[in-house]
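Novice: Here is a sequence with its predicted model. Questions after.
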Amino acid sequence: MSKIIKLRKGLDINLQGKAAESLVDAPLAKEYAVSPLDFENVTPKLLVKVGDKVKAGTPLFFNKNNQRVLFCSPVSGTVSAVNRGEKRKILNVVVAADANQESEEFAVLDLKKAKREEVIETLIKSGLWTKILQRPYGIVANPDDQPKAVFVSAFDSAPLAPNMNFVLKGEKAALQKGMDVLAVLAGGKPHVSMLAKAEGEVATLNGVELHTFAGKHPVGNVGVQIHHIDPIAKGDIVWTVNIQDVVAIGRLFATGKVDLTKVVALTGSEVEKPQYYRVISGAPISSIVAGQIKKQAEGDSVRIISGNVLTGKKVAEDGFLSATANQVTVIPEGDKYEMLGWIAPRFNKFSVSRSYFSWLCPKKEYKLDTNINGGPRAFVVTGLFEEYLPMDIYPMYLFKSIIANDIDKMENLGIYEVVEEDVALCEFVDPSKTEIQQLVRDGINLMIKEC
Amino acid sequence: MKGLRKIVDNVKPTFVEGGKLSFLASFFDAFETFLFVPNTTTKKGAHIRDCNDLKRTMTMVILALIPAFLFGCFNTGSQVGLEGFAALAYGFVRVLPMVAVSYIVGLGIEVVYAQIRKEEVAEGYLVTGLLIPMIMPVSTPLWMVALGVAFAVIFGKEVFGGTGMNVFNPALVARAFVFFAFTPQMSGEKVWFSSWKMMGATDATTGATALEQLATKGEMQWSALDAFLGFIPGSFGETSTLCILLGAALLLYTGVASWRTMLSVFVGGFAMGLLFQAVGLTEYPAYYHLLVGGFAFGAVFMATDPVTSAQTNLGKYIVGFMTGALAVMVRVVNPAYPEGMMLAILFMNALAPTVDYFVVEANISRRKNRVKTVK
């Protein structure tokens, strides 16, 4: 057993609405959707039109910026809509599901003998290649690259995050198979990080490099783990895969079929009964939250988030679960004025600042809304971001170099090591209310464009 | 609350773009956000946000200034022969016009600039506006205060882009401007005492400040305890080290000011004082430096300004230490300026980005080497 990597920096935001460990099998929904917006740097080009018949694993569109990569349907059925936004930008492709589910058939490879290129080809054709993300930049990996290593985080530390040990129950075989596939891709053992004292079945996996972490969020972020295991320098490429997607890859190589079933946690203070749901990727949000949202007083509304409160995407009740989400969170909207709030004691609000009282009751569970609690300002307070980014990086200087479009500085100050989720806590605590996650994405996009 | 909200909602259309008074939009917005935290919700990124904002942060600094402010009032009164509550009331009335002028002129300029830039009015001046009267001698003419404030806000802050972008602490820019532009009026003995005859005040027995006495005679007429408690002449808010430390306790407890900077300034000043004592340049104890003049006030409220001080943790130690050391050096070595704190902080404001630059460069090269060792 390797030693535990303890992180001192970070923050666990204690929210109401943790999921109880009970699992509901959601019935097959009417429609499922795949959205190119769930991925960064994807310009989609359609391969199907409305009315086409598809199976699970049939390509729907490909990425013009990375043409080998195919995005495939999670279910079998008929393409029922291609929704477009401004400038005809494709928002999502919707597939009406058949009652009987079928999958495209893929050859079941013997991983001991199969060539790396064959494995990659299978992943691409089935659409599961899109689950393999690249650092730097947090974009879908380029199949032509040879990564330095592959990293998987076996736990999630975000607020109200699902307990991955519960989610992965009964998936040991598929998980092992998936790890074997990653080993072929990496040309070495994939790195898997566990949470100390909650290692679960992951600890019994073979052929992986195990690491144990302890600390507060963002300790579960794979980017933070990479920084402490084998940091990314200029020119390095590493790949990361979400642990539930490793399971899906394992199933593909065990059965030759695409099965994008996953378990998501329904959480948040406005959920009647927070618990886990087994759904197929791209499921309608309504199939999870229907009848579960607490009745709101007149004038109040809720925000449904596909993902966690720090990094998730806002979705409408008739929207779809995003491809990367392992949870759905429902919290109250904060579209209310608060009289003299900035000087009030605010016992029900949470702050890391001791000018409020929340630090006195660390056990308290908070019901936080979406109010921004202030207005946008220039950076004033210093020394704060450093406490919430457990990396050897000066976040304020990195952010300022992005604002200044200074590519050399961005490179030197650590843009290769971070994606949005890693700086989400900085955004949460910032008293100047800067949109830091968007800022970092803008910086990354500039790097992609210029380098 | 609902009634007030209704009134604000009713008049709002007049002030937003297209309304009759849209040239006052920033002013209205400042007033509205003062009364109500806006109903803005998160659009991108983190859906929930910490409830801390700059208004709260600045409020904490103002609260921290209150003990020193009240003592300043009391001390002003007691210098003209009043006692107890009468002294407090006298001082309060005496300083009120200065505070009013500082806020009216300063906030006025801020609002105009915010309107030109179409931004919200930043909260930074709420603190600066109170700091300025507190670091001026109590008899500073109001027109000088106004001129100093205008210079500080325009050339100390707005030309750089406003709160958060300035290089120098605006309050000290105002103090330095007044000091250097009107040296004859601002030096000498009379300026430290109030000459207003009201509420039963008598003529003050004017005399040199503790700093001047130390600089010229090498001793002062007050005990160290008097200096610590603040019963000495000096700028309005700077005399009571005790009250300043009360404010410091609040700033450190809430984390608004950096303990690294604050501690390092005191350590730097004390170390330099010891050094001068050791080589025989001064004969009074080194800790006198921390008690008299604007040292404590500068260390707690000015050197810790997050915008103009160092931004990296290591930089804070370095800049803080140098600020303290430099302040004492100016006091002892330079006979022209008995007070070195203002100059030390301003000088280190200018140097802080350079210190940070080297700290960040060290980080960059450490990160580069880190990778080489792994491979």
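Specialist: Cool, the structure landed. Source: prediction; values computed, not measured.
Novice: nearest residue to the residue in the stretch 1-150 of chain A that chain B sits nearest to other than its sequence neighbours?
Specialist: Nearest to chain B in the stretch 1-150 of chain A, going by C-beta to the nearest C-beta, is A:Ile13, at a distance of 7.4 Å. For glycine as for every other residue, the C-beta is placed from the backbone atoms N, C-alpha and C. Closest residue to A:Ile13 apart from its sequence neighbours, by C-beta to C-beta, 6 or more residues apart in numbering or on different chains: A:Pro159 at 4.5 Å.
Novice: Quick check: which element contains the one you found?
Specialist: Secondary structure from DSSP states H and E places A:Pro159 outside every helix and strand.
Novice: Enumerate every residue touching it.
Specialist: For A:Pro159, the set of contacting residues under the criterion of C-beta atoms under 8 Å, 6 or more residues apart in numbering or on different chains consists of A:12-15, A:217, A:308-310, B:48.
Novice: switch to 10 Å and redo it
Specialist: A:Pro159 is in contact with A:11-15, A:17-18, A:217, A:267-268, A:308-310, A:327, A:329, A:331, A:366, A:368, A:424, A:428, B:46-48, counting by C-beta atoms under 10 Å, 6 or more residues apart in numbering or on different chains.
Novice: so what's it scoring on pLDDT?
Specialist: Model confidence at A:Pro159, expressed as pLDDT, equals 95.
Novice: can you give me phi and psi for A:Lys6?
Specialist: A:Lys6 adopts backbone torsions of phi -100, psi 130, taken as degrees, to the nearest 10.
Novice: quick one: it and A:Gly215 touch, right?
Specialist: Yes - using C-beta atoms under 10 Å, A:Lys6 is in contact with A:Gly215, at 5.9 Å.
Novice: Give me the common contacts of those two.
Specialist: Shared contacts of A:Lys6 and A:Gly215, counting by C-beta under 10 Å, 6+ apart, come down to A:196, A:228, A:390.
Novice: what helix or strand does the last one sit in?
Specialist: A:Pro390 belongs to no helix or strand when assigned by DSSP H and E.
Novice: wait, doesn't it sit right on A:Lys9?
Specialist: Yes - with contact taken as C-beta under 10 Å, A:Pro390 and A:Lys9 are classed as touching, separated by 4.1 Å.
Novice: if we can go back for a sec, tell me the one among the shared contacts of A:Lys6 and A:Gly215 nearest to chain B.
Specialist: The shortest distance between chain B and any of those, using C-beta to the nearest C-beta, involves A:His228 and amounts to 11.2 Å.
Novice: re the thing from before, give me the buried entries from the contacts of A:Pro159.
Specialist: Applying a neighbour-count criterion of 16 or more other C-beta atoms under 10 Å in any protein chain shown, the buried members of the contacts of A:Pro159 are A:11, A:13-15, A:17-18, A:217, A:267-268, A:308-310, A:327, A:329, A:331, A:366, A:368, A:424, A:428, B:46-48.
Novice: Chain neighbours aside, what residue packs nearest to A:Glu104?
Specialist: A:Glu104's closest residue in space is A:Gly57 (C-beta to C-beta, 6+ apart), at 3.7 Å.
Novice: so where do the strands sit in chain B?
Specialist: Assigned by DSSP state E, chain B shows strands spanning B:36-37.
Novice: hang on, the earlier thing: compare A:Lys6 and A:Gly215 (neighbour count), which wins?
Specialist: Per other C-beta atoms under 10 Å in any protein chain shown, whichever of A:Lys6 and A:Gly215 has more neighbours is A:Gly215, with 21 against 13.
Novice: Disregarding flanking residues, what is the spatial nearest neighbour of the more buried one?
Specialist: The shortest distance from A:Gly215 to any non-neighbouring residue, by C-beta to C-beta, 6+ apart, is to A:Leu7 (3.2 Å).
Novice: The one you found: neighbouring residues, count only.
Specialist: The tally of other residues near A:Leu7 (other C-beta under 10 Å) stands at 19.
Novice: Let me know whether A:Pro395 touches A:Ile415 as I believe.
Specialist: No - in terms of C-beta under 10 Å, A:Pro395 does not count as a neighbour of A:Ile415; the distance is 11.2 Å.
Novice: joint contacts of those two?
Specialist: When contacts are counted by C-beta under 10 Å, 6+ apart, A:Pro395 and A:Ile415 are jointly contacted by A:Val440.
Novice: In contact with the residue nearest to A:Glu104, which residues are there?
Specialist: Taking C-beta under 10 Å, 6+ apart as the contact definition, A:Gly57 lies against A:70, A:72-76, A:102-106, A:125-128, A:252, A:256-260.
Novice: rerun that using 6 Å as the cut-off
Specialist: Applying C-beta atoms under 6 Å, 6 or more residues apart in numbering or on different chains to A:Gly57 gives the contacts A:72, A:103-104, A:126-127, A:258.
Novice: Let me know the secondary structure of the closest residue to B:Ile364 other than its chain neighbours.
Specialist: In space, not counting the residues next to it along the chain, B:Ile364 is nearest to A:Asn412; the distance is 4.5 Å by C-beta to C-beta, 6+ apart. Reducing the assignment at A:Asn412 to three states with DSSP: H, G, I helix; E, B strand; the rest coil gives helix.
Novice: On the pLDDT front, check A:Asn412 for me.
Specialist: Per-residue confidence (pLDDT) for A:Asn412: 93.
Novice: So what's the residue count around residue 51?
Specialist: All of this refers to chain A. Other residues close to A:Gly51 by other C-beta under 10 Å number 8.
Novice: ah, no, chain B please
Specialist: By the other C-beta under 10 Å criterion, the neighbourhood of B:Cys51 contains 27 residues.
Novice: What is the end-to-end distance of stretch B:6-25?
Specialist: End-to-end span of stretch B:6-25 (C-alpha to C-alpha, to the nearest Å): 18 Å.
Novice: So is that stretch next to chain A?
Specialist: No - contact between stretch B:6-25 and chain A, assessed by C-beta under 6 Å from any C-beta of the partner chain, is absent, since the two come no nearer than 8.6 Å.
Novice: which parts of the stretch 251-375 of chain B sit against chain A?
Specialist: B:254-255, B:306-307, B:311, B:360, B:363-364, B:371.
Novice: how about 10 Å then?
Specialist: Proximity of the stretch 251-375 of chain B to chain A is assessed by C-beta under 10 Å from any C-beta of the partner chain, with B:252-256, B:258, B:260-261, B:305-307, B:309-313, B:315-316, B:356-357, B:359-361, B:363-368, B:370-372, B:374-375 identified as the residues in range.
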